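*Asks:* 3D, please:
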Amino acid sequence: MSIVSDPVLIGGAAIPASSKEAQVQTLPLLAYPIPAGCHAIPAEELDLRSDAEIDQSLANPRPISTDYQKNIFFFWHSGYEFMHPYTKRNVRAHYRRLAKFGWNIYVINRVEGSPLNIVNFVDVTDPELFPKAFLDGRIGGDFAPQHTSDLVRWPLLMKYGGIYTDVGQLQIGDLNRLWEQTLGNPDSPYDIISYNLGPIDHRDLANYFYASRPNNPLFLRAHKLLLALWNADGGKLSTEGMHASPLLKGPKLIGQRFSEEIRKKLTDYIIQGYCLTLAMGLIDDEDGWDGPTYCAEHIYAIDYMVGSQLIQQYTNWNGKEAFRLLSLSLPEDGEDESDDQKKAREIVEACLSKSYSFKLAHGYIVQVFGDTLGSLWRKHDGSDYVPGTYAHWLREAMTYWTQDELPERLDFKVIEPYKRGPLLRES
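*Replies:* Residues are numbered from 1 along each chain as shown. Down below sits the predicted model:
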């Protein structure tokens with residue numbers, strides 16, 4: 001595989017090196033093959049400025065408005081400047097692909113004096129939006145940054161609408177097109193886009209990607225429940241033990257294939273998602289809320305395994321194996337493909353042609369499975385972006401290519417409720 005520097009190749013489409021687009025490229029791109037089901041994004045639809053220029057735009061985004069919903073929110077407690085290089089690449093790829101379609105990208109933080117501090121977007125002193133621990137700056141536990149992030153995403157979406165996605169999320173499919181055909185279309189029945197964790201008859205939306213219009217009724221109720229858990233017993237400082245709240249009786253603990261101890265810890269870790277699951281399965285006649293019917297009619301849910309975790313089917317959730325395979329170099333011209341290279345190629349081609357996104361796992365999951373691809377890319381700086389490797393092929397494709405089709409929506413049916421009665425009444 002040879003590196004092409006003149007002319008520069010962008011997603012397989014040659015652009016003369018003398019053109020403005022080519023001149024701003026900071027790295028030569030590789031002529032990787034485009035898998036079936038994908039196509040190169042036209043250069044005029046991409047922001048092809050240098051990384052430094054993209055970073056400057058991210059640091060100085062357009063002012064936000066409640067009248068405009070094409071917003072993408074990320075969160076990093078200490079700010080974009082201090083994000084790891086591989087997650088910066090995730091955010092830049094979103095910017096390059098979406099900015100020209102009118103999307104505003106905000107990397108929200110909690111940095112004193114920063115224009116991107118959450119205090120400049122929502123009222124963090126409002127007890128109906130944030131728990132006492134957040135207001136007092138006392139959120140603790142092993143995963144305080146993650147839980148701080150959990151607490152900002154619904155208030156942002158409820159006020160402004162748009163998309164909240166984790167910094168570990170790599171986008172493959174056409175996000176703007178899906179938005180325009182669903183939430184951006186006033187005639188569409190869909191209010192939410194997310195990934196469903198587990199079988200189709202289970203309601204568990206992945207909190208690493210939420211899209212909604214403002215004032216979403218499901219998020220409103222789930223957030224009320226989340227706040228009640230945080231404010232219980234005079235105010236919690238972490239999510240430890242929240243799974244045992246009598247407000248949460250109904251849904252099974254998260255991660256049924258694990259031991260009970262791990263299920264409890266995993267549910268505490270993803271307590272936001274657990275609150276959403278209960279609200280999705282709640283029928284509250286006093287409030288006029290029918291969660292099972294709402295979900296069947298108004299959620300565009302994508303299967304999470306194929307949609308965002310397909311690599312796990314190839315590596316059996318073995319992060320070290322995923323890292324090893326994607327770190328391999330492609331065969332040189334005239335060189336035979338090894339068995340490992342074949343498997344790495346199949347992973348890349350499958351993800352690019354079948355997955356709508358690629359979620360890098362971190363947090364508590366590392367304690368359960370050991371190192372993940374994301375944690376290893378963090379430990380080995382730059383390993384996700386070595387030219388000529390399968391990781392680099394995947395990376396470049398996610399910036400310069402997209403899929404021909406949109407992801408299939410799961411056909412949610414009306415399920416038996418998990419709970420009947422008021423949301424905040426113990427059962």
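*Asks:* Got phi/psi on the residue sitting furthest away from the middle of the chain?
*Replies:* Distance from the C-alpha centroid of the chain, by C-alpha atoms, centre = their mean, peaks at Gly334 (38.7 Å). Main-chain dihedrals, Gly334, degrees, to the nearest 10: phi 80, psi 0.
*Asks:* and it, how far is that from Phe134?
*Replies:* 59 Å (C-beta to C-beta, to the nearest Å). C-beta coordinates here come from the backbone N, C-alpha and C atoms, glycine included.
*Asks:* same thing with Gly235?
*Replies:* From Gly235 to Phe134 the distance is 10 Å (C-beta to C-beta).
*Asks:* Look at those two and report which has more neighbours.
*Replies:* Phe134 (22 against 14; other C-beta atoms under 10 Å).
*Asks:* Correct me if wrong: Tyr294 contacts Asn216.
*Replies:* No - if you go by C-beta atoms under 8 Å, Tyr294 and Asn216 don't touch, sitting 10.1 Å apart.
*Asks:* ok so, going back, state the distance from the residue farthest from the centre of the chain to Tyr32.
*Replies:* 17 Å.
*Asks:* again, but for Asn196
*Replies:* Plainly put, Asn196 is 31 Å away from Tyr32 if you go by C-beta to C-beta.
*Asks:* Then Val107?
*Replies:* 28 Å.
*Asks:* now do Pro85
*Replies:* 21 Å.
*Asks:* neighbour-wise, which of these two wins?
*Replies:* Neighbour tally, Pro85 and Tyr32, criterion other C-beta under 10 Å: the higher count belongs to Tyr32, 22 against 12.
*Asks:* hang on, isn't that one packed against Ala397?
*Replies:* Yes - the criterion here is C-beta under 8 Å, and Tyr32 meets it with Ala397 at 6.8 Å.
*Asks:* wait, doesn't Tyr208 sit right on Lys359?
*Replies:* Yes - because the distance of 5.6 Å satisfies C-beta under 8 Å, Tyr208 is recorded as touching Lys359.
*Asks:* which neighbours do those two share?
*Replies:* Asp166, Gly168, Gln169, Ser308 (C-beta atoms under 8 Å, 6 or more residues apart in numbering).
*Asks:* Name the SS class of Ile283, please.
*Replies:* With DSSP: H, G, I helix; E, B strand; the rest coil as the basis, Ile283 sits in strand.
*Asks:* Let me see the contact set for it.
*Replies:* Trp289, Asp290, Gly291, Pro292, Pro417, Lys419, Arg420.
*Asks:* Pretty sure the fourth one sits in a helix.
*Replies:* Yes - according to three-state DSSP, the state of Pro292 is that of a helix.
*Asks:* how close does Tyr95 sit to Val107?
*Replies:* Distance from Tyr95 to Val107, counting by C-beta to C-beta: 10 Å.
*Asks:* swap in Pro61?
*Replies:* From Pro61 across to Val107, the span is 9 Å (C-beta to C-beta).
*Asks:* Could you do Val122 as well?
*Replies:* With the distance defined as C-beta to C-beta, Val122 ends up 15 Å from Val107.
*Asks:* Tell me which stretches of the stretch 1-150 of the chain form helices.
*Replies:* Shown for the stretch 1-150 of the chain, the helices assigned by DSSP state H, counting those that start in this stretch span residues 20-23, 51-59, 85-98, 132-136, 144-160.
*Asks:* Format these as CSV; extra columns: distance to Gly363 and mean pLDDT.
*Replies:* Below are the helices of the stretch 1-150 of the chain laid out as CSV (distance: least, C-beta to C-beta, whole Å; pLDDT from 0 to 100):
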stretch, distance to Gly363, mean pLDDT
helix 20-23, 38, 40
helix 51-59, 24, 97
helix 85-98, 13, 97
helix 132-136, 19, 89
helix 144-160, 5, 95
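*Asks:* Now name the helix or strand holding Glu335.
*Replies:* Here Glu335, judged by DSSP states H and E, is contained in no helix and no strand.
*Asks:* Neighbours of it, how many?
*Replies:* Using other C-beta under 10 Å: Glu335 sits among 11 other residues.
*Asks:* cool, Gly184 as well?
*Replies:* When neighbours are defined as other C-beta under 10 Å, Gly184 has 16 of them.
*Asks:* Would you check that it makes contact with Phe101?
*Replies:* No - using C-beta under 8 Å, Gly184 is not in contact with Phe101, being 10.3 Å away.
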